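Asker: Let's see this in three dimensions:
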Amino acid sequence: MRASAAIAALALLAGCGSAPAPAPTKPATPAARTATKAVLETDGIIFDPPGGKTAEFMFGIPRDQVERVATRWFGRPETSANAECGAGPMEFARYGPLTLNFADGKFVGWLAEEGPQVVTADGIAPGKMMRDLKVARAARMIPGSTLEGEFEYIAADGKPIGGFVKGAGRDARIVSLYAGTNCFFR
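Answerer: A predicted model of the protein is given here:
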């Protein structure tokens, strides 16, 4: 396209008569719509839809309020329950890589695995290398944890976010992050 426009301009400058009209251009393709993001915080979650109004949910909010919005933006969840969690009976709603945790009808925690729509408020996401997290934040493996690869880091708000890595040393990769109440068997 640039070459034909340049040739036409040179022809006009050289006085060679009228140049053929340039070929019509294709209309610009609109940019692909960005998916709604789940912005993970130490004390809740923010749903951030493209071009829309964000919705923030703190731990303790009624389950139906957070699920209504999450379902609208992420689709129907897979639901499950576990009556034997250490924190007491819990129910779960899984939206792809994001699981929301509920106890006594309240939103109490989240667990995020790798996916393009989950990221912490300070830009940390499952799938990143642990070495990069250690450079950006105060991160440490949890000594004595009975859960393999468990770590925590201090988020931008000064509170901890937990997670799990797979691998060791420079090859350790973050596979999940969590905050609030979760159902881990220690």
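Asker: Where does the record place the domain boundaries for the chain?
Answerer: Domains of the chain are assigned by automatic domain parsing as 1-29, 37-180.
Asker: Turn the ones you listed into JSON lines, columns for mean pLDDT and distance to residue 186.
Answerer: C-beta: built from backbone N, CA, C; applies to glycine. Output for these, formatted as JSON lines (pLDDT from 0 to 100; distance: least, C-beta to C-beta, whole Å):
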{"stretch": "domain 1-29", "mean pLDDT": "36", "distance to residue 186": "51"}
{"stretch": "domain 37-180", "mean pLDDT": "93", "distance to residue 186": "5"}
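Asker: Highest mean neighbour count across those, which stretch is it?
Answerer: Most buried of these, by mean neighbour count (mean count of other C-beta atoms under 10 Å): domain 37-180, with a mean of 17.
Asker: and it, how far from the chain's centre?
Answerer: Relative to its chain's centre, domain 37-180 lies at 9 Å (C-alpha atoms, centre = their mean, to the nearest Å).
Asker: who's in contact with the nearest residue in space to residue 126 that is not next to it in sequence?
Answerer: Closest residue in space to residue 126, ignoring its immediate chain neighbours: residue 114 at 4.1 Å, by C-beta to C-beta, 6 or more residues apart in numbering. Neighbour list for residue 114: 97, 125, 126, 127, 175, 176 [criterion: C-beta atoms under 8 Å, 6 or more residues apart in numbering].
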